[in-house]
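[1] how would this look folded up:
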Amino acid sequence: MIRKAGKPFIWDALRHKYVTLTPEEWVRQHFVNYLITEKGYPMELLANEVSISLNGTTKRCDTVVYDLYLDPLMIIEYKAPHITITKEVFYQIARYNMALHVKYLLVSNGIHHYGCEIDKKKNTYKFLSDIPSYMSLDQSDSSDLK
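    Predicted coordinates:
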């Protein structure tokens, strides 16, 4: 961490730069570190602040996880710890998925984490009981979902 003009900044290893340390950014940096160190997510297959085009507007996914073929596999949305995870947060990430067509959605405020796996063929989803390891993610036919 460093300070610039009295504001705290934190190094984002995925973006290769210092970014303003907001409560949401604190959650992102800790969550990404957890995914890499505890759940085996390859750093090279993670990206922060991924721009997408949705209904003629540009939106940003907080973190996108890619499969081994570099197709988007998971979208992760972060909120500050004082923000309650609601269905509106899931609606937000579901809208982002209209552009990326991933199999997994996760949301976290650093305290509570919720995830779901989407079955596009059956048009269903199921909530996950835990944050999955990278190796346990179903990466089959991910490009077929688009």
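[2] quick one, phi/psi of residue 34?
    Phi and psi for residue 34, reported as degrees, to the nearest 10, are phi -60, psi -40.
[3] burial of it, as a residue count?
    15 (other CB atoms under 10 Å). No exception for glycine: its C-beta is placed from N, CA and C like everyone else's.
[4] what's the distance between it and residue 63?
    Between residue 34 and residue 63 the computed distance is 12 Å (CB to CB, to the nearest Å).
[5] in the protein, which residue is closest to the centre?
    Most central in the chain under CA atoms, centre = their mean is residue 76, positioned 1.8 Å from the mean C-alpha point.
[6] burial of the closest residue to that residue other than its chain neighbours, as a residue count?
    The shortest distance from residue 76 to any non-neighbouring residue, by CB to CB, 6 or more residues apart in numbering, is to residue 63 (4.1 Å). Applying other CB under 10 Å, we find 22 residues neighbouring residue 63.
[7] got the contact list for residue 63?
    Taking CB atoms under 8 Å, 6 or more residues apart in numbering as the criterion, residue 63 is in contact with 14, 28, 31, 32, 46, 47, 48, 50, 75, 76, 78.
[8] Quick check, the second one in contact with residue 78.
    Spelled out, that is residue 28. Yes - assessed by CB atoms under 8 Å, residue 28 is found in contact with residue 78 at 4.8 Å.
[9] so what sits against both of the two?
    62, 63.
[10] shaky segments in the chain?
    141-146 (pLDDT under 70).
[11] at 50 instead, please
    Low-confidence segments of the chain (pLDDT under 50): 142-143, 145-146.
[12] Now do the strands in it.
    Listed in chain order, the strands of the chain (DSSP state E) span residues 2-4, 7-12, 17-20, 46-54, 57-66, 72-78, 104-108, 113-119, 124-127.
[13] which one is residue 72 nearest to, not counting chain neighbours?
    Per CB to CB, 6+ apart, closest to residue 72 is residue 100, 4.3 Å.
[14] so how far is residue 28 from the residue found closest to residue 98 once you drop the neighbours it is linked to in the chain?
    Nearest in space to residue 98, with sequence neighbours left out and distances taken as CB to CB, 6+ apart, is residue 54 at 6.4 Å. According to CB to CB, residue 54 stands 20 Å off from residue 28.
[15] of those two, who's got more company?
    residue 28 (25 against 13).
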